[in-house]
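Undergrad: heads up, no residue letters with this:
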């Protein structure tokens, strides 16, 4: 018991710092608009001078690693297999294809812009699946090097910024193209990186578009543990005896999806777990911001931007092709 109390004391200052930054980010988002995660990251960066402070470092490290895994695991409470089944096998296969294409584009872009495979996998998975959450989850299982933290932070900033831009631009674009609400909802759910921005963009068009966008996006989120497991089996860290280790947060994610699918979680619990997931990720992002050295971030170069921009454009173009060539049937525009 004494050891637990001592551990909590050592984590307290850093946790309190990250939590306070997260609360401030939430306040700014609620009152002035804008993505909470982006605010948390930017405010956290302002406190970088505390990253190596002896009293804060343990809690900051815990928040940026353990807490983010908890947040990703709790995302499973927002998804049921019934919601995904309602989309139909054809839609599921198309979304899987779009995810695979985006990840592949990441590797092609990395070649074109002289970047490494770790960055390709990190950004490709992030753009393809669920933005900042996917970036954090993938960073937890990709074998690290001395640039991993910097690249993770860049990816979080980039996908959050691109999601915010897309939330504004995509509804206007899809409306201009005279698409149906279902078509627009599919495109929003299949192309925008972060969940919150998908919901915002979808319901900006219509309620029908918002519902379609949310379900399609949750399908992409469901692919996260599968992609994480694939990374572990191919290039991830290995435990003793050469057996790949499946992280507890991946197992937790899958377990919550299954439990929620059988209706074993009351609605109030699902809502609470969803909120806990969101706040865990916000606090983790705040801690990552504290650990961010802007001097190091400034060295990433235009190649980093080129890779993630290429992934975003290819994903949008492929999704538009799916709609215009009638791969999926949504009704007439």
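TA: Arrived safely, thanks for sending. Nothing here was measured: the structure is a model prediction, and the numbers come from that model.

Undergrad: Residue 58 contacts residue 17, correct?
TA: No. Residue 58 is beyond contact range of residue 17, at 11.3 Å (criterion: CB atoms under 8 Å). In short, each C-beta sits where N, CA and C put it, glycine included.

Undergrad: okay, the two: which has more neighbours?
TA: residue 17 (24 against 17; other CB atoms under 10 Å).

Undergrad: That one sits in which helix or strand?
TA: Using DSSP states H and E, residue 17 maps to helix 2-32.

Undergrad: What mean pLDDT does that helix get?
TA: The pLDDT scores in helix 2-32 average 86.

Undergrad: i'd like the first residue to be 33 from this point on
TA: I'll keep to 33 as the first residue from here, and by that count the last item is helix 34-64.

Undergrad: So which bits of the helix or strand just after that helix are buried?
TA: Next along the chain after helix 34-64, taking DSSP H and E as the criterion, comes helix 68-78. For helix 68-78, the neighbour count (16 or more other CB atoms under 10 Å) marks 68-77 as buried.

Undergrad: repeat for stretch 221-241
TA: Quick answer for stretch 221-241 (16+ other CB under 10 Å): 221-238, 241.

Undergrad: Show me where the chain has its strands.
TA: Assigned by DSSP state E, the chain shows no strands.

Undergrad: which residues of the stretch 133-282 of the chain score low on pLDDT?
TA: Counting by pLDDT under 70, the stretch 133-282 of the chain contains low-confidence ranges at 228, 268-279.

Undergrad: Mind doing that once more with 90?
TA: Across the stretch 133-282 of the chain, residues meeting the criterion (pLDDT under 90) sit at 162-201, 203-204, 207, 210-214, 225-282.

Undergrad: thinking again about what came up before, restricted to helices, list the buried residues of stretch 221-241.
TA: 221-223, 227-237, 241 (DSSP state H).

Undergrad: What is the nearest of those residues to residue 212?
TA: Nearest to residue 212 among these, counting by CB to CB, is residue 241 at 8.6 Å.

Undergrad: what's that closest one in contact with, if anything?
TA: Residue 241 is in contact with 213-214, 216-217, 220, 234-235, counting by CB atoms under 8 Å, 6 or more residues apart in numbering.

Undergrad: With residue 316 instead?
TA: Applying CB under 8 Å, 6+ apart, we find residue 316 in contact with 50, 95-97, 99-100, 103, 168.

Undergrad: Can you say which two of those are spatially most distant?
TA: Greatest spatial distance among the contacts of residue 316 (CB to CB): 50 and 168, at 13.8 Å.

Undergrad: Hmm, residue 134 is touching residue 343, no?
TA: Yes. Proximity of residue 134 to residue 343 meets the contact threshold set by CB under 8 Å, at 5.4 Å.

Undergrad: Identify the contacts common to the two.
TA: Shared contacts of residue 134 and residue 343 (CB under 8 Å, 6+ apart): 156, 159-160.

Undergrad: Select only the buried ones of those in PyMOL?
TA: Only the buried members of these enter the following PyMOL selection, criterion being 16+ other CB under 10 Å:
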select buried, resi 156+159+160
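
Undergrad: Out of the shared contacts of residue 134 and residue 343, flag the one nearest to residue 315.
TA: Relative to residue 315, the closest of the shared contacts of residue 134 and residue 343 is residue 159; by CB to CB it sits at 23.7 Å.

Undergrad: Just give me the neighbour total for residue 250.
TA: Neighbourhood size, residue 250 [other CB under 10 Å]: 21.

Undergrad: I misspoke; the intended subject was residue 182.
TA: Residue 182 - counted by other CB under 10 Å - has 18 other residues nearby.

Undergrad: likewise residue 281?
TA: Residues lying near residue 281 (other CB under 10 Å) number 24.

Undergrad: I figured it hits residue 104, correct?
TA: Yes. In this structure, residue 281 is within contact of residue 104 by CB under 8 Å, at 5.2 Å.
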